[in-house]
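>>> Make a model of this:
(one chain, ligands or ions: 1)
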Amino acid sequence: MLNRICRLRMLVPLVLMGLVLLAGCAQEPVKTEAVKESPKTAKYVFLFIGDGMGLPQRAATAAYTGKQLAIDAMPAQGITTTFANDRFITGSAASATALASGIKTNINYIGVDPEFKPVKTIAEMAKEQGKKVGIVSSVSIDHATPAAFYAHVKTRKMYHEIDHALASSGFDFFGGGGLKDPTGRKSKAPMGDALNKARENGYSIVTDKGAFMALKPGDGKVLSWNKWLQDGQAMPYVMDMTPDDITLPEFTAKAIEMLDNDEGFFLMVEGGKIDWACHANDATASILNTLAFDDSVKQALAFYDAHPDETLIVVTGDHECGGLTLGFAGTKYASHFQVLGGQKVSFQKFTDEILKAFKEEGGSFEDMKPIITAQFGLKFDGDPKADQMVLAEFQAGELKAAFERSMNGETVKGGDYLLYGEYDPLSVTLTHLLNQKAGLGWTSYKHTGVPVSTSAVGVGAESFNGSYDNKDVATKIMAIMGLEPKPQYVTATGTRVASN
Ligand SMILES: [Zn+2]
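Presented below is the predicted three-dimensional model:
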């Protein structure tokens with residue numbers, strides 16, 4: 001058809017016009033190719049969400065390792081706005097609901113619109129298509145981000161109700177962190193033990209690493225978590241893990257192995273502890289968790305290499321956290337990312353284990369100094385100009401003041417919030433000083449409103465180029481799954497397309 005139009009146009013006797021049209025005709029076969037390819041749908045769909053992972057978290061990780069992240073090397077790159085329906089700076093519940101369902105909702109709402117009407121998630125749509133579905137997170141599996149793919153509740157704090165939604169989701173694989181309230185200790189209307197209900201619904205509950213690694217397709221539905229849950233039923237920070245722990249890439253690889261089938265699958269993987277590290281302004285913990293997140297994406301990329309014409313991988317963040325930036329007034333233009341390598345434990349492990357034991361025994365700031373040097377690499381003697389790790393006198397003073405507050409167990413009040421947030425004063429001052437030496441700055445202990453990066457590879461990935469909102473991530477995925485790219489409400493009798 002286009003060729004015929006070209007031939008007709010060539011008959012126009014005006015030489016000048018003919019030249020213009022020739023140029024036009026020469027481009028047209030490219031367009032027809034693109035039209036032919038567009039109806040292709042993805043059988044295997046991955047959505048990776050770095051919680052609290054904005055551009056600075058990605059850039060700091062690449063700068064620290066000196067290598068390009070796999071997610072930054074993906075062919076499609078976009079900029080994504082994250083605001084909630086009722087607040088400019090979003091939270092994980094509202095953002096994950098947008099990413100999962102294509103609808104903007106209010107802060108703390110899970111899988112419902114601003115009027116509390118349940119919205120169907122892309123995971124539920126995939127299940128209806130006959131695909132297998134997996135949900136993986138490094139924080140508790142009923143936390144806001146994973147919950148927004150299988151639960152529909154008024155607030156993210158309804159953990160018991162979320163746990164029951166998980167048990168009756170019919171999804172095939174859950175992995176990572178544990179459940180916060182399976183028995184309903186904090187619920188106004190307990191519904192019985194959600195773990196029992198999961199067992200009744202055919203889930204094997206697996207927490208031992210050996211048993212987990214031995215799982216094989218055909219073993220049925222799996223609900224698995226790492227045996228050591230460090231804080232809030234979450235997996236430990238990567239830097240605190242031992243070989244006994246199941247890593248996020250291992251959970252991802254096992255999910256792929258268990259979900260792979262001829263009907264296809266949908267897998268959501270959340271790097272949840274990136275956010276928690278950034279709330280506490282711990283750059284090293286954030287970077288090492290971002291690296292594990294990138295390694296998890298590499299598991300999906302290996303699957304994509306084997307199924308390039310049937311796979312879509314999308315990677316995004318739900319929001320930035322901490323107001324991290326690559327630059328700090330104290331170092332002017334200098335960056336010293338390598339100093340972060342001096343940190344051996346996360347702020348969490350330092351607070352919960354090392355500082356706790358020190359407090360029980362008692363001791364002076366002089367006694368604490370060698371512990372600080374061993375765990376964070378910061379030194380108290382020497383020339384700060386000659387050795388990056390040596391603290392200036394005023395910095396040692398900041399640490400001593402924080403140490404005294406920690407030892408006295410003083411609660412942080414008023415303007416001191418800017419110094420310590422809601423964290424242990426000594427732990428947060430240690431990461432602040434180390435991060436500042438690296439040339440990194442933090443402006444908040446909360447989320448920020450800066451847009452995040454979205455990356456994609458595979459079927460339909462080109463639609464993730466450019467600038468768009470987080471709710472569009474869901475509708476773009478729906479389109480590539482062969483569905484109408486519109487939010488859908490969950491109804492008692494079925495579903496209907498939302499009117500907006
Ligand atoms: Zn957060």
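>>> so where's the protein shaky on pLDDT?
1-39, 492-500 (pLDDT under 70).
>>> And the strands in it, which stretches?
Secondary structure of the chain by DSSP state E: the strands cover 44-50, 76-81, 132-137, 173-176, 203-206, 221-225, 265-271, 311-317, 320-321, 447-448, 452-458, 466-469, 488-490, 495-497.
>>> The third one - which strands sit beside it in the sheet, and in what orientation?
To tie it back to what came earlier, the one meant is strand 132-137. According to DSSP bridges, strand 132-137 forms sheet pairs with strand 173-176 (parallel), strand 265-271 (parallel).
>>> Quickly list the domain ranges of this protein.
In terms of domains, the chain is parsed into 2-37, 44-323+452-497, 329-438 (source: automatic domain parsing).
>>> Minimum distance to residue 444: which of these has it?
domain 44-323+452-497 (4.1 Å; Cβ to Cβ). Every residue, glycine included, has its C-beta placed from N, CA and C.
>>> and that closest one, how far out from the chain's middle?
Its chain's C-alpha centre and that of domain 44-323+452-497 lie 7 Å apart, by Cα atoms, centre = their mean, to the nearest Å.
>>> how about TSV for the strands paired with strand 132-137, with distance to residue 420 and mean neighbour count added?
Below are these laid out as TSV (distance: least, Cβ to Cβ, whole Å; neighbours: other Cβ atoms under 10 Å):
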stretch	distance to residue 420	mean neighbour count
strand 173-176	29	28
strand 265-271	26	29
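>>> Take those and lay them out in CSV including distance to residue 372.
Putting these into CSV (distance: least, Cβ to Cβ, whole Å) gives the following:
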stretch, distance to residue 372
strand 173-176, 32
strand 265-271, 28
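>>> rewinding a little: with distance to residue 115 added, can I get the strands of the chain in JSON lines?
As requested, those are exported to JSON lines (distance: least, Cβ to Cβ, whole Å):
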{"stretch": "strand 44-50", "distance to residue 115": "25"}
{"stretch": "strand 76-81", "distance to residue 115": "22"}
{"stretch": "strand 132-137", "distance to residue 115": "26"}
{"stretch": "strand 173-176", "distance to residue 115": "29"}
{"stretch": "strand 203-206", "distance to residue 115": "32"}
{"stretch": "strand 221-225", "distance to residue 115": "32"}
{"stretch": "strand 265-271", "distance to residue 115": "25"}
{"stretch": "strand 311-317", "distance to residue 115": "26"}
{"stretch": "strand 320-321", "distance to residue 115": "28"}
{"stretch": "strand 447-448", "distance to residue 115": "24"}
{"stretch": "strand 452-458", "distance to residue 115": "27"}
{"stretch": "strand 466-469", "distance to residue 115": "20"}
{"stretch": "strand 488-490", "distance to residue 115": "10"}
{"stretch": "strand 495-497", "distance to residue 115": "15"}
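>>> Could you give the number of residues near the nearest residue to residue 333 once chain neighbours are set aside?
With sequence-adjacent residues excluded and distances taken as Cβ to Cβ, 6 or more residues apart in numbering, residue 333 is closest to residue 327, at 7.9 Å. Neighbours of residue 327 under the rule other Cβ atoms under 10 Å: 13.
>>> Report the contact partners of residue 327.
For residue 327, the residues meeting the contact criterion (Cβ atoms under 8 Å, 6 or more residues apart in numbering) are 333, 335, 439, 440, 441.
>>> neighbours around the first one, how many?
It refers to residue 333. Here the neighbour count serves as a burial measure; for residue 333 (other Cβ under 10 Å) it reads 6.
>>> Could you do the last one as well?
Neighbour count of residue 441, defined by other Cβ under 10 Å: 21.
>>> got it, and the second one?
Taking other Cβ under 10 Å as the criterion, the count of residues near residue 335 is 16.
>>> and if you look at the third one?
The local packing count at residue 439 equals 22, with neighbours defined by other Cβ under 10 Å.
>>> That one: what's its closest spatial neighbour, skipping adjacent residues?
Closest residue to residue 439 in three dimensions, ignoring its sequence neighbours and counting by Cβ to Cβ, 6+ apart: residue 335, at 3.9 Å.
>>> That neighbour and residue 486, how far apart?
45 Å (Cβ to Cβ, to the nearest Å).
>>> again, but for residue 419
The separation that residue 419 has from residue 486, given Cβ to Cβ, amounts to 47 Å.
>>> what's the first-to-last distance across stretch 229-239?
Distance between the boundary residues of stretch 229-239 (Cα to Cα, to the nearest Å) amounts to 14 Å.
>>> Could I get the contacting residues of the residue nearest to residue 202 when sequence neighbours are not counted?
Closest residue to residue 202 apart from its sequence neighbours, by Cβ to Cβ, 6+ apart: residue 221 at 5.1 Å. Remark: with contacts taken as Cβ under 8 Å, 6+ apart, residue 221 is in contact with 171, 172, 173, 201, 202, 203, 204.
>>> how many other residues sit next to the last one?
What it means is residue 204. 14.
>>> With residue 200 instead?
The burial metric for residue 200, expressed as a neighbour count using other Cβ under 10 Å, is 11.
>>> what does residue 289 give?
32.
>>> So it sits against residue 277, correct?
Yes. Under the contact definition of Cβ atoms under 8 Å, residue 289 touches residue 277, with a separation of 6.0 Å.
>>> Among the domains of the chain, show me which one is buried the most.
Counting by mean count of other Cβ atoms under 10 Å, domain 44-323+452-497 has the highest mean neighbour count of the domains of the chain, with a mean of 21.
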